[in-house]
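Asker: show me the folded form of this:
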Amino acid sequence: MSTTFRILLLAGLVICAVATALVRKPMRAVIIYMAYSIIMSVVWLLLESPDLAITEAFHSPLMASAQEPFADYLARVDFREAVVPVIGNVHAAPLDAAGARDELVAHLVSPVQFEASVAKLQEAGAKMFAEVGFGGVLANLVKRIDRSAPRAAIQDRPSFDAFVEEFGKE
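Answerer: Down below sits the predicted model:
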């Protein structure tokens with residue numbers, strides 16, 4: 001890969017990062033994120049990246065402009081006390097309904113304390129780590145943290161049904 005191409009890729013990433021911080025219109029931010037994602041995809045392919053590719057500005061100061069609108073939205077959401085332990089990824093500490101909004105808003109711009117959160121969940125008695133959503137990235141991160149920790153990646157209705165069949169009675 002030529003030096004010029006490397007410089008162009010880096011410049012594209014910097015421009016996207018700065019533009020994201022400055023833009024105030026949501027649709028423009030989406031377009032910038034898409035450009036950033038495309039550039040990062042090229043970079044990851046060229047680097048023959050590991051399986052965990054971070055291609056968005058989430059959990060970084062670049063998301064600061066989203067905090068206020070997100071907080072406004074969450075102010076209209078009814079939070080209730082959880083029936084299972086909930087550990088926030090900002091401070092790797094237990095969350096209650098009163099602190100959930102602040103934690104979620106802070107989560108936009110804060111590094112994820114995933115390893116510490118997994119440890120807290122284990123201390124609280126977690127017996128299974130279930131990731132709901134596409135990809136299984138978090139389940140694989142749990143595996144890297146503790147190979148003996150039971151984990152599941154629930155990605156569709158059949159995998160959900162299988163999970164409930166196996167673990168729903170516990």
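Asker: what lies in contact with stretch 145-161?
Answerer: For stretch 145-161, the external contacting residues (CB atoms under 8 Å, 6 or more residues apart in numbering) are 114-115, 118-119, 122, 127-136, 138-139, 142-143, 163, 167. (Glycine included, C-beta is placed from N, CA and C.)
Asker: for ChimeraX, what selects the buried ones among those?
Answerer: Taking 16 or more other CB atoms under 10 Å as the burial criterion, the selection of buried members of those in ChimeraX is written as:
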select :118,119,122,129,130,131,136,138,139,142,163
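Asker: out of the contacts of stretch 145-161, list just those in helices.
Answerer: Among those, the members found in helices (DSSP state H) are 114-115, 118-119, 122, 138-139, 142-143, 163, 167.
Asker: could you point out the helix or strand that follows the helix or strand bottoming out on mean pLDDT in the chain?
Answerer: The helix or strand with the lowest mean pLDDT-type score in the chain, counting by mean pLDDT, DSSP states H and E, is helix 26-46 (a mean of 67). Per DSSP states H and E, the first helix or strand lying C-terminal to helix 26-46 is helix 64-74.
Asker: ok now that next one, how far from the chain's centre?
Answerer: Going by CA atoms, centre = their mean, to the nearest Å, the spacing between the C-alpha centre of helix 64-74 and its chain's C-alpha centre is 17 Å.
Asker: give me the low-pLDDT residue ranges for the chain?
Answerer: In the predicted model of the chain, residues 1, 16-17, 20-21, 23-30, 33-34, 36-37, 40-57, 169-170 satisfy pLDDT under 70.
Asker: about what we covered before: nearest to V90 among the ones in helices among the contacts of stretch 145-161?
Answerer: Distance ranking of those against V90, using CB to CB, places F114 first at 10.9 Å.
Asker: that closest one and I38, how far apart?
Answerer: 26 Å (CB to CB, to the nearest Å).
Asker: brilliant, that's me finished.
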